[in-house]
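Colleague: Structural data only, the sequence is not supplied:
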DNA sequence: GATGAATGAGTTTTCATTCAT
DNA sequence: AATGAATGAAAACTCATTCAT
């Protein structure tokens, strides 16, 4: 039995108001990161969250811990979405890939820090999530390949790259226009998965070179 | 005939050393913007360029004027590349698109500020370049459509979007890995241009909503 | 009843130490403005006040807000002194004017920013004080005119002009010499108020042209 | 015979364009000093004068030499005006004082640096001018005292103080309003010179304490 | 747990001054 | 004689961080 105040190892459960503050800080951080980059002033983030800067510091002792949490929440969304996509992969492999990509584009407010090319995730939790995501995508693609609706030379890394590229914030562009443009790009990418008349693809970097960038830990994949 | 001291309207030609400094400042700015975003410290940019911060300020009176010049130089590269791609479009329409995209990816150091979603270009020169680019791409695509090697529903804006997405800096990723990933993505995109078995694309934003984002001036396209 | 923590609308009462710092900053600002003008270095002001420059900025977000407060405090002194001068105006109208002027000269450390010809006061509070001062002076003069000891063509604006001229800092002149010279000038001015043998005065600017310069709001006077 | 290039000791005659530049620089300096104080940026002064900053430096090797010249030109104006006032002093002593004061007020653009309370004049030429002015004013007042139109206790220093006070720039006030206000003040001061019903004046500082402030050198007065 | 206040260490920006053309 | 360019130093301003309440 855990005490009322503590959850798991070293993680005391937050008081309701504190939890609300924490969530608002993360929300503001995502907005600020999107608009101003990860160098966004912390007091600006606090101000937008409606809390004092010292409160932000109590929750996140430095900028990196805030960044890491934003990255982690992004990874979590991707893992969750990939997992759910797999549920429909057997009946409709291409549709499940399509729904996955479009869902992530829709929720790209959670993915302000690029999955690839963004701050390197260093936490244990992030490593765990990364180790799960690539195998899920691999499984997803396997359904498509088996059923002949997805070209065989496509890899999980191509999917992740695509998500990373289309989800990066375009801060100066009105949100609906940005969505329209990248949604079209995603549809084009889906057509690129057609197995007929493909031309050979250039090689991909080795997975072990991408550790920490939302690529499956090579030890696990 | 222009006088020895002046170039065009109101723009006196720079002294040789001043011109060199200016170029170095822009180079450093591109590097810094890629690594740190457009909020990169200006004195760091000056230091890397080997000039005093006040020299930077003499050339670019504020951060925005520096950003605008970087944007403009990017536009210029795209315009130049598009123009040259057109030279081979009649014989090899798909190859000319391919070479255009790959050339821009290769030179994406010049495109650190996203063509779409980056700081809005407001200068007269930028407007002029924008007005030129889309028609060139349209002509390029027309060759492909006519010869039946490019799907008809693709637009210049789709090309620009793709360039914008794949050229954005991925500062935390080693450069060669980043290049490998986005090059693969470009090859996939090229396969997406195949005219057979295409599925319908969602609508594109109206060009007039994208003014200032390297989309052709609607009056001209 | 006001809450313990708040004073008036939107102005939380300062903590004791913060209030002390604020007062010291204003004192240093007056001294520096007198010696160096309103362009005096702000870090010098902070240093003299014994606080960090950032503390100054917390209280006064830019130079102008500091200037405005100094102006306002000057207005407040004038309003206060004029009000008190009125208490003795019935018995001794000329003496009350004399005491008013001399008191302001004595306290001209508070009036470093000229009442007329200095930075224009734009705040609501300044406007309120301005609306009060001229009527007080008018009343003061009325006593003198009625009792035949003050010429009838003198106006509140003449008093304010005189105060403004004699209270402006003379930074290069030793303080006691400056005091002696301007005190003599004030005595001469008082003799100029004698009602006999006066010569006509040239016209005064319309009060509505002087709004923001410590002249009563024409709507109110 | 002087050489074509040199005038007197060490003062080469300026080429016509150089002389014009010098005059424009002094004009701009006066304007800038009035608006921004003597700390006005030198390059701003150069800009307004339409010359390069280095040209200003060639003429005035430091800020003080520029200030001193502005002070000196002011002294020269006062000496000249006092001299001319004396021409009509015998027939119309009060009128000659009045015309003197009003003329200086009119030309106070030349007197931006306060005659008293401004930068101390240190040059040999300034000393010479100072030694001439007070005796001229004394002579002027003597005519008035003798003819019974000026109170006997008034001194040259009172005149100079008055000029100093009313001629100081009021940078934020529209010029015509400022002129109207101080002209009225001067007229009041003139009425203060009436010899009847005067009240005793407080003592004046000793002249030798005011050396360098446009008060006659005590050795000469 | 939250906040107002303060501060030291930047970063931006301006400006006096010198140099080479 | 005049100017464009460069620079070092100062001043304005911002921000991360800590402390006391």
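Modeller: That came in fine, so what should we check first? Worth saying up front: this structure is predicted, and the values here are computed from it rather than measured.

Colleague: what's the neighbour count on residue A:20?
Modeller: Per other Cβ atoms under 10 Å in any protein chain shown, the neighbour tally for residue A:20 reads 14. Placement of C-beta: from N, CA and C, glycine included.

Colleague: So which residues on chain A come close to DNA strand F?
Modeller: In this structure, chain A approaches DNA strand F at residues A:39, A:40, A:41, A:42, A:43, A:44, A:53, A:54, A:57, A:62, A:63, judged by Cβ under 7 Å from any atom of the strand.

Colleague: which ones among these come in contact with DNA strand E?
Modeller: A:53, A:54.

Colleague: Nearest to chain B, out of the residues of chain A next to DNA strand F: which one, please.
Modeller: For those, the minimum distance to chain B (Cβ to the nearest Cβ) is 5.1 Å, reached by residue A:39.

Colleague: Confirm the closest one sits in a strand?
Modeller: No: Residue A:39: not assigned to a strand; according to DSSP: H, G, I helix; E, B strand; the rest coil it is coil.

Colleague: Now it. Nearest residue, chain neighbours left out?
Modeller: Of all residues not flanking residue A:39 in the chain, residue B:39 sits nearest, at 5.1 Å (Cβ to Cβ, 6 or more residues apart in numbering or on different chains).

Colleague: Give the phi and psi angles for that neighbour, as a check.
Modeller: The phi/psi pair for residue B:39 (degrees, to the nearest 10) reads phi -90, psi 10.

Colleague: one step back: now intersect the residues of chain A next to DNA strand F with the helices, please.
Modeller: Judged by DSSP state H, those include A:42, A:43, A:44, A:53, A:54, A:57, A:63 as members of helices.

Colleague: Just among the residues you listed, which is most surrounded?
Modeller: Ranked by the number of neighbours (other Cβ under 10 Å), these place residue A:42 first, at 18 neighbours.

Colleague: Which member of the residues of chain A next to DNA strand F is positioned nearest residue A:181?
Modeller: residue A:40 (24.4 Å; Cβ to Cβ).

Colleague: my read: the closest one touches residue A:32, true?
Modeller: Yes: counting by Cβ atoms under 8 Å, residue A:40 touches residue A:32, with 3.8 Å between them.

Colleague: give me every residue that touches whichever residue of chain A sits closest to chain C.
Modeller: The nearest approach of chain A to chain C comes at residue A:43, 11.6 Å away (Cβ to the nearest Cβ). Residue A:43 makes contacts with residue A:53, as judged by Cβ atoms under 8 Å, 6 or more residues apart in numbering or on different chains.

Colleague: While we're on it, how confident is the model there?
Modeller: Predicted confidence (pLDDT) for residue A:43: 95.

Colleague: hang on, residue A:37 packs against residue B:35?
Modeller: No: Residue A:37 is beyond contact range of residue B:35, at 11.1 Å (criterion: Cβ under 8 Å).

Colleague: mean confidence for stretch A:172-189?
Modeller: Mean pLDDT, stretch A:172-189: 93.

Colleague: where exactly do the strands run in chain A?
Modeller: A:6-8, A:11-12 (DSSP state E).

Colleague: rank those strands by mean pLDDT and give me the bottom one.
Modeller: When those are ranked by mean pLDDT, strand A:6-8 comes last with a mean of 46.

Colleague: residues in contact with residue A:56?
Modeller: Going by Cβ under 8 Å, 6+ apart, residue A:56 touches A:25, A:42, A:45, A:46, A:49, A:66.

Colleague: okay, now the third one: neighbour count?
Modeller: For residue A:45, the count of nearby residues is 26 (other Cβ under 10 Å).

Colleague: Hmm, residue A:28 and it touching each other?
Modeller: Yes: using Cβ under 8 Å, residue A:45 is in contact with residue A:28, at 4.8 Å.

Colleague: So chain A: which segments form each domain?
Modeller: Per the record, chain A has its domains at A:13-61, A:68-221, by automatic domain parsing.

Colleague: Burial-wise, tell me which of those comes out on top.
Modeller: The highest mean neighbour count among those, using mean count of other Cβ atoms under 10 Å in any protein chain shown, belongs to domain A:68-221: a mean of 19.

Colleague: hmm, back to that, can you flag the weakest of the domains of chain A by average pLDDT?
Modeller: Across the domains of chain A, domain A:68-221 gives the lowest mean pLDDT, at a mean of 89.

Colleague: show me where chain A has helices.
Modeller: With DSSP H applied, chain A shows helices at A:16-36, A:42-49, A:53-59, A:63-87, A:93-106, A:124-146, A:156-167, A:175-192, listed in chain order.

Colleague: residue in chain A nearest to chain D?
Modeller: Among the residues of chain A, residue A:41 lies closest to chain D, at 30.6 Å counting by Cβ to the nearest Cβ.

Colleague: How about that residue: what's its closest non-neighbour residue?
Modeller: Of all residues not flanking residue A:41 in the chain, residue A:32 sits nearest, at 7.9 Å (Cβ to Cβ, 6+ apart).

Colleague: give the contact list for the nearest residue to residue A:139 once chain neighbours are set aside.
Modeller: Closest residue to residue A:139 apart from its sequence neighbours, by Cβ to Cβ, 6+ apart: residue A:86 at 6.1 Å. Counting by Cβ under 8 Å, 6+ apart, residue A:86 makes contact with A:96, A:136, A:139, A:140.

Colleague: wait, doesn't the second one sit right on residue A:80?
Modeller: No: contact between residue A:136 and residue A:80 fails when scored by Cβ under 8 Å: they sit 10.1 Å apart.

Colleague: Confirm for me that residue A:145 is in contact with residue A:152.
Modeller: Yes: with contact defined as Cβ under 8 Å, residue A:145 reaches residue A:152; the gap is 5.2 Å.
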